[in-house]
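[1] pasting the sequence and the predicted coordinates here, then a few questions.
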Amino acid sequence: MRWALVRVCLAIAAMVVVAFAVPLGLVIKEMARDRAFSNAEREAAAVAPALSITTDRDQLEKVVASAGTDSGMAVHIPAGEGKAALDIGRQRAAGKDIATVRKLGRASTTEVPGGSVLLQPVALSSGEISVVEVFVPESEVSNGVGTAWAVLAGVGIALIVGSVAVADRLGVRMVQPAQRLVEGAHELGEGKLGARVPEEGPTELRLAAVAFNSMADQVVQLLANERELAADLSHRLRTPLTVLRLNAASLGDGPAAEQTRTAVAQLEREVDTIIRTAREAKPRTVAAGPGAGCDAAEVVRERMRFWSALAEDEGRKVRVAGVERPVRIPVARADLVAALDALLGNVFRHTPEGTAFAVDVHNSDDAVIVLVSDAGSGIRDPEAAMARGRGSGNDGSTGLGLDIVRRLAESTGGDVRIGSSMLGGTEVRIWIQLDGREPERKGHRGAVRRRRPGRLVSTFNRSRSLP
């Protein structure tokens, strides 16, 4: 479309330039010719007063010499009153042309080798008609015409180039919104639900962009509703089950207590089966539309109030850091809640009572890191744990918890890693990228590098101790 518009504009500009430049060039040529013959008429007029007074050859030669060039003017006086015909100067015009002008009594021009001549009739005192001949060289007729034509050609080329440049800019203004619309459609088709198209350009493309963005918002909303159902399975079922299991563990010994614990274990297995089925039927999709986001600090404080009650019952020490100020992240609140509950539920499920744990939030210009660490025995095989988080539900685990966390981080361009915490147990790092770019890493541990030069905030080598 862009190059088609440029070609059309080029053709139109060329036609306009030709339509105006060719006639203008002919006019310039005619004006130069008129200027040359006007000068010749002035030279002929300068001799006329002398011819009306005298026909003396010596005096007329002086007048001719002063009025024009030596070889550019001639005077032809007819014979009369006993005097022979007199010709002063070089004659270039044919005798019949001179006789015709003398007979008709009006000026005339005729072509001669090397240029043209002006034949101007002048009345003598005796009543006879003399003819003044002025030679106009071809170089004088075309003087300045070549330069004028060159200027016209340059102006025409400049107009064509300018019109092509303007057409190219107009084409870009029309094509770029269309290209962005195509790219947005491809991104949306690839599952990048945050893809949106700037609402700019011509009216038609702007309306198309508005319609596309509205459609993408509806798709995000529909997928968010679907995804929220799966998140509720983790948040609303696994969390109460964890509490129920902990309470059942405190019932002591006896048939009733054992039956309760068996029922809780069976219920957990059934919930795991439902979760696996939901994951296989509906792959979870993280929605990241414009405006989606939450305050990570506020969500961490709210969830820690819930889990702190259980921690107090089991004698666990808890520490929370980095939540004093708002920390905005491009993640839906429900997603972050589900991820935190999954990780904290794992702490209660896989560490003995009395094991301390901590949640730290680190904020920088381009990323936010959430650390969930404990003082347990740690994870022997972090890679196997991450494999379960990618859908391998072995070792009695659905892998949904780490899968929820992984998808949340990857939806922003970040990632999840499992390592050893400063408390001696497991540390799960959630890297949430704020601008959608791949995170910068330094070594195995990783770091968040601020955009301001010279400032580096380490997020893993910082000492953390519980109160």
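    Received, thanks.
[2] which secondary structure elements does the longest helix seen in the chain contact?
    In the chain, with assignment by DSSP state H, the single longest helix is helix 2-53. Packing contacts for helix 2-53, counted by 3 or more Cβ pairs under 8 Å, 6 or more residues apart in numbering; DSSP states H and E, involve helix 57-67, strand 73-77, strand 115-123, strand 129-137, helix 138-141, helix 145-189. Using the backbone N, CA and C atoms, a C-beta is placed for each residue, glycine as well.
[3] if you set the cut-off to 6 Å instead, what comes out?
    Where contact means 3 or more Cβ pairs under 6 Å, 6 or more residues apart in numbering; DSSP states H and E, helix 2-53 is packed against helix 57-67, strand 115-123, strand 129-137, helix 138-141, helix 145-189.
[4] partner strands of the second one and their direction?
    By that I understand strand 115-123. strand 108-112 (antiparallel), strand 129-137 (antiparallel) (DSSP bridges).
[5] the inter-axis angle of the last one versus strand 73-77?
    Calculated by axes from the mean of the first three to the mean of the last three Cα atoms, to 10 degrees, strand 129-137 forms an angle of 160 degrees with strand 73-77.
[6] next: the shortest one.
    Using the same axes, to 10 degrees, the inter-axis angle of strand 108-112 relative to strand 73-77 is 120 degrees.
[7] can you list contacts of strand 108-112?
    If you take Cβ atoms under 6 Å, 6 or more residues apart in numbering as the criterion, strand 108-112 is touched by 92, 93, 97, 101, 116, 117, 118, 119.
[8] these two touch, right, the first one and residue 117?
    Yes: with the criterion set as Cβ atoms under 6 Å, residue 92 and residue 117 qualify as a contacting pair; they are 5.3 Å apart.
[9] list the residues that contact both of the two?
    Contact criterion Cβ under 6 Å, 6+ apart; residues shared by residue 92 and residue 117: residue 135.
[10] OK, contacts around the residue nearest to the spatial centre of the chain?
    Centroid-nearest residue in the chain: residue 176, 7.3 Å away (criterion: Cα atoms, centre = their mean). Contacts for residue 176 (Cβ under 6 Å, 6+ apart) come out as none.
[11] try 10 Å this time
    Neighbour list for residue 176: 2, 198, 200, 201, 205 [criterion: Cβ atoms under 10 Å, 6 or more residues apart in numbering].
[12] mind putting the residues you listed into TSV with neighbour count?
    TSV is the format used below for those (neighbours: other Cβ atoms under 10 Å):
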residue	neighbour count
2	17
198	13
200	12
201	20
205	20
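[13] now, the most widely separated pair of those residues?
    Greatest spatial distance in these: 2 and 198, 18.0 Å, computed using Cβ to Cβ.
[14] now the strands for the stretch 201-350 of the chain?
    Ranges of strands within the stretch 201-350 of the chain are 294-295, 318-321, 328-329, based on DSSP state E, counting those that start in this stretch.
[15] if we can go back for a sec, closest to residue 226 out of the contacts of residue 176?
    For these, the residue nearest residue 226 by Cβ to Cβ is residue 198; the value is 28.1 Å.
[16] quick one: pLDDT of that closest one?
    Note on residue 198: pLDDT of 85.
[17] again, but for residue 330
    Residue 330 is assigned a predicted lDDT (pLDDT) of 88.
[18] pLDDT value on the nearest residue to it once chain neighbours are set aside, please?
    Leaving out its chain neighbours, the residue that sits closest to residue 330 by Cβ to Cβ, 6 or more residues apart in numbering is residue 293, at 4.9 Å. For residue 293, the model assigns a pLDDT of 78.
[19] count of residues packed around residue 293?
    16 (other Cβ atoms under 10 Å).
[20] wait, it sits on residue 411?
    No: using Cβ atoms under 10 Å as the test, residue 293 is too far from residue 411 to be in contact (11.7 Å).
[21] residues shared between the contacts of these two?
    Counting by Cβ under 10 Å, 6+ apart, the contacts common to residue 293 and residue 411 are 330, 331, 332.
[22] look up how far residue 206 lies from the second one.
    Put plainly, it is residue 331. For residue 331, the distance to residue 206 equals 30 Å [Cβ to Cβ, to the nearest Å].
[23] about what we covered before: which of the helices and strands packed on helix 2-53 is buried the deepest?
    strand 129-137 (a mean of 23; mean count of other Cβ atoms under 10 Å).
[24] quick one, what contacts residue 186?
    By Cβ under 10 Å, 6+ apart, the contact list for residue 186 reads 192, 195.
[25] just the buried positions in stretch 251-268, please.
    Using 16 or more other Cβ atoms under 10 Å as the test for burial, stretch 251-268 gives 260, 264, 268.
[26] show me the shaky parts of the stretch 51-200 of the chain.
    Applying pLDDT under 70 to the stretch 51-200 of the chain flags residues 67-71, 80-82, 172.
[27] let's see 80
    51-72, 79-87, 89, 124-127, 139-145, 163-176, 190-194 (pLDDT under 80).
[28] what about residue 92, how many neighbours?
    The number of residues packed near residue 92 is 19, by other Cβ under 10 Å.
[29] phi and psi next, for it.
    Dihedral angles of residue 92 (phi, psi; degrees, to the nearest 10) stand at phi -110, psi -30.
[30] what's the answer for the one 10 residues further on, then?
    Dihedral angles phi and psi of residue 102 (degrees, to the nearest 10) take the values phi -60, psi -40.
[31] spatially nearest residue to it (excluding sequence neighbours)?
    Spatially, and ignoring its direct neighbours in sequence, residue 102 is nearest to residue 129 (4.7 Å; Cβ to Cβ, 6+ apart).
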